[in-house]
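> Build me a model from this:
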Amino acid sequence: MTEYQPHRLSVAPMMDWTDRHCRAFHRRFTRRALLYTEMVTTGAVLRGPRERLLRFAREEHPVALQLGGSVPAELAEAARIGRDLGFDEINLNVGCPSDRVQSGCFGAALMREPALVADCAAAMVAAAGPVPVSVKCRIGVDDQDPEVVLPEFLRRVAAAGVGRFAIHARKAWLQGLSPKENREIPPLDHDLARRMKVAFPGLEIAINGGITDLDMAEAFLARGLDGVMIGRAAYHNPALLGAVDRRVFGGATPDVAAEDAVRAMLPYIEAELRDGAELPRITRHMLGAFQGRPGARAWRRMLSERAHRAGAGPELVERALAEVTGAGDQVNVGNATPDLQPR
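Residues are numbered from 1 along each chain as shown. I've put the predicted structure just below:
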C-alpha cells in the first residue's frame, strides 16, 4: 500500500463506471489524484465474488474502496478486508439515492440516521487501523433543512473518528426523483459545503457535484476547501485529468495528452486480454478521451462498433487513434498554411 496523503482532487465513485479498467485509464492521465472503486455492498464483500469485485492493480494507488451498508459489524469486517487488500482509504456511501440502495437502508437514506452512521463509522475506524475512513454524503434528503442537518451529521460522525468528508452539494429526493434526476434537479449549494469547512476547520472537507473543469476545482480550493471530487465530467472527458498533477498538485511533470494516455493503455489491454478480459469492457471507458476534438466521432464509432468482434485487440485501439491523430494533422495543416506564407 502506498503512503496515504490527503488528496486535493479525486474522481468520484460511480456505479457501473469506475471499475478497475476505468481506473487504469484514469491513472494514465494522473499519478496523484485519488481514485475510487464503484460502491460495493457489504453483502457482496462478505458473501459475493470478492476477488473479482475488489481486484485492483498496484499502479492504481492511491485508490479508495467505497462501501455500502448500514450494519456496523458487517462494515467493520468489510473495512478490515479492504485494509488487508491494500486500499489507501475506506469510504462509506451516505449519498447514493437509488431504489436498490434505499431498500437496503443505506446510501442517502442514512442522512436520516446520523447516530447509526456514527456507529458504523466507529466500527470501520476500529477495523481499518491505520487506513483512513471517510464518508461521502449529501447535504440532506427530502424535506430536511441542510443548514440544520448537515452540521449535526458532520459533528456526530466526526466524533466517531472520521476526519474526511466528501460532500455532494445537493439534497437527494428519495421519493419522486430518479437517481439521474437526483444528480441534476436538486439545486446545488456549494457555499454550504464551504461554510462547513469554516465551521469544522479540523475536518478535511472535499466538495462534489456540478464541478465540470479544473478552473472550478482550483477556485474551490482557493476558497479554503481541502479537496474537490469530480464525477461525470472526468468520465465523459477524461483528458481534463491530464493537467491535474501540474495544476492541482503542483507537480513538475508535463501534462499528459489523451494520445499518450491511450498509447500507455496498450500494454495493459494486451495483458488483460491474455488474462481473459473482454475488450469492450475496457474500451467503453475510453470513448470520451478526445471529447470535442477532430476525429472524436470516428474514435468512438470504431471502438463501439468493432471492439466486440472476435480477435479485436490493441491494434484496433491503435487504428482508432490514427483516426484522431490524422484528423488533427489535417486541421493543423489547414490552420497553419496562412502563417507559412512569405510576408
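
> Just the strands from the stretch 101-250 of the chain, written as ranges.
Here the stretch 101-250 of the chain has its strands, by DSSP state E, counting those that start in this stretch, at 133-138, 164-168, 204-208, 227-230.

> Could you list the low-confidence segments of the protein?
For the chain, residues meeting the criterion pLDDT under 70 lie at 1-6, 99-104, 327-343.

> go again using 50 as the cut-off
Where the chain drops to pLDDT under 50, the residues are 1-4, 330-343.

> Regarding it, what is its longest strand?
Using DSSP state E to define each element, the chain has its longest strand at strand 34-41.

> need the contact list for Ala169.
139, 188-190, 192-193, 207-210 (CB atoms under 8 Å, 6 or more residues apart in numbering). (C-beta placed from N, C-alpha, C; glycine too.)

> possible to save these as a markdown table with neighbour count and distance to Leu287?
Conversion of these to a markdown table gives the following (neighbours: other CB atoms under 10 Å; distance: CB to CB, whole Å):
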| residue | neighbour count | distance to Leu287 |
| --- | --- | --- |
| Ile139 | 27 | 32 |
| Leu188 | 17 | 27 |
| Asp189 | 19 | 32 |
| His190 | 21 | 29 |
| Leu192 | 17 | 34 |
| Ala193 | 25 | 31 |
| Ile207 | 28 | 27 |
| Asn208 | 23 | 23 |
| Gly209 | 22 | 23 |
| Gly210 | 18 | 22 |
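
> and which of these is nearest Val317?
Of all those, Val317 sits closest to Asn208, with 30.9 Å by CB to CB.

> In space, what's closest to that closest one - neighbours in sequence excluded?
Met229 (3.9 Å; CB to CB, 6 or more residues apart in numbering).

> hang on, that neighbour packs against Ala206?
Yes - Met229 lies in contact with Ala206 (CB atoms under 8 Å); the separation is 5.1 Å.

> okay, those two: which has more neighbours?
Taking other CB atoms under 10 Å, Met229 and Ala206 do not tie; Ala206 has more neighbours (27 against 24).

> Would you quantify the distance from the more buried one to Phe87?
Ala206 sits 17 Å away from Phe87, taking CB to CB, to the nearest Å as the criterion.

> which residues are common contacts for Met229 and Ala206?
By CB under 8 Å, 6+ apart, the residues touching both Met229 and Ala206 are 10, 166.

> Please name the residues that touch the closest residue to Ala312 other than its chain neighbours.
Nearest residue to Ala312, sequence neighbours excluded (CB to CB, 6+ apart): Leu279, at 5.1 Å. Leu279 makes contacts with 269, 273, 307-308, 312-313, 316, as judged by CB under 8 Å, 6+ apart.

> Arg27 too?
35, 59-60.

> quick one on the thing from earlier: I'd like the contacts of Leu279 written out as JSON lines, with neighbour count added.
Putting those into JSON lines (neighbours: other CB atoms under 10 Å) gives the following:
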{"residue": "Ile269", "neighbour count": "23"}
{"residue": "Leu273", "neighbour count": "15"}
{"residue": "Ala307", "neighbour count": "21"}
{"residue": "His308", "neighbour count": "13"}
{"residue": "Ala312", "neighbour count": "17"}
{"residue": "Gly313", "neighbour count": "14"}
{"residue": "Leu316", "neighbour count": "18"}
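
> Just grab the bridge partners of Val11 for me.
Beta-bridge partners recorded for Val11 (DSSP bridges): Leu35, Ile230.

> ok, it - how many residues close by?
Residues lying near Val11 (other CB under 10 Å) number 27.

> Quick check, it in contact with Phe25.
No - the criterion here is CB under 8 Å, and Val11 misses it with Phe25 at 10.6 Å.

> gap between Leu177 and Glu315?
Distance from Leu177 to Glu315, by CB to CB: 44 Å.

> Go through the strands of the stretch 101-250 of the chain and name the closest to Val157.
Using CB to CB, the strands of the stretch 101-250 of the chain put strand 133-138 closest to Val157, at 5.8 Å.
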